[in-house]
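Participant: need a structure here:
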Amino acid sequence: METLSIIGMIMMVLGFINAAWVGILYIISLSAFAGTKLSKKVGTANEKTDEYLEQGKSISNGLLKKLIWRLAIAFTGWLMFYIATGRF
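Facilitator: Reported below is the predicted structural model:
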């Protein structure tokens with residue numbers, strides 16, 4: 001059981017740290033996406049704005065998927081640690 005708790009702790013720590021970084025990148029990509037949308041609405045857009053908008057949308061979706069996977073790994077590690085030790 002001690003090995004399970006160590007593996008769970010490692011998964012939990014790495015998963016949450018990685019999820020924090022991906023979450024920060026996701027927020028930054030959403031702000032860039034919103035800025036591109038705003039420039040289109042205000043009228044300061046150029047010919048590549050639609051391309052940038054689609055790029056931002058795909059980057060945000062990819063980061064959201066990565067965030068969900070990282071959180072799933074972290075919570076799996078937490079569950080393994082909890083099963084092995086019986087404490088939070």
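Participant: tell me the SS of residue 44?
Facilitator: coil (DSSP: H, G, I helix; E, B strand; the rest coil).
Participant: any idea how far residue 22 is from residue 54?
Facilitator: Taking C-beta to C-beta, to the nearest Å as the measure, residue 22 and residue 54 are separated by 21 Å. For every residue, glycine as well, the C-beta is placed using N, CA and C.
Participant: hang on, I meant residue 24
Facilitator: 23 Å.
Participant: rewinding a little: who has more neighbours, residue 22 and residue 54?
Facilitator: The neighbour comparison of residue 22 against residue 54 (other C-beta atoms under 10 Å) goes to residue 22, with 20 against 11.
Participant: Spit out the contact partners of that one.
Facilitator: With contact set as C-beta atoms under 8 Å, 6 or more residues apart in numbering, residue 22 has these partners: 63, 66, 67, 70.
Participant: Could you report the pLDDT at it?
Facilitator: For residue 22, the model assigns a pLDDT of 95.
Participant: per-residue pLDDT, residue 30?
Facilitator: 88.
Participant: next one: residue 88
Facilitator: So residue 88 comes in at 64 (pLDDT).
Participant: List the contacts of the spatially most central residue of the chain.
Facilitator: What sits nearest the mean C-alpha location of the chain, by C-alpha atoms, centre = their mean, is residue 67, with 2.6 Å. Going by C-beta under 8 Å, 6+ apart, residue 67 touches 19, 22, 23, 26.
Participant: Check the gap between the second one and residue 80 for me.
Facilitator: Think residue 22. In terms of C-beta to C-beta, residue 22 sits 21 Å off from residue 80.
Participant: where does the most far-flung residue of the chain relative to its centre fall, phi/psi-wise?
Facilitator: What lies farthest from the middle of the chain is residue 43; by C-alpha atoms, centre = their mean that is 31.4 Å. Here is the backbone geometry of residue 43 (degrees, to the nearest 10): phi 110, psi 10.
Participant: Could you do the one 5 residues further on as well?
Facilitator: Backbone geometry at residue 48, expressed as degrees, to the nearest 10, gives phi -100, psi 10.
Participant: now the helices for this protein?
Facilitator: Secondary structure of the chain, counting by DSSP state H: helices at 2-42, 49-85.
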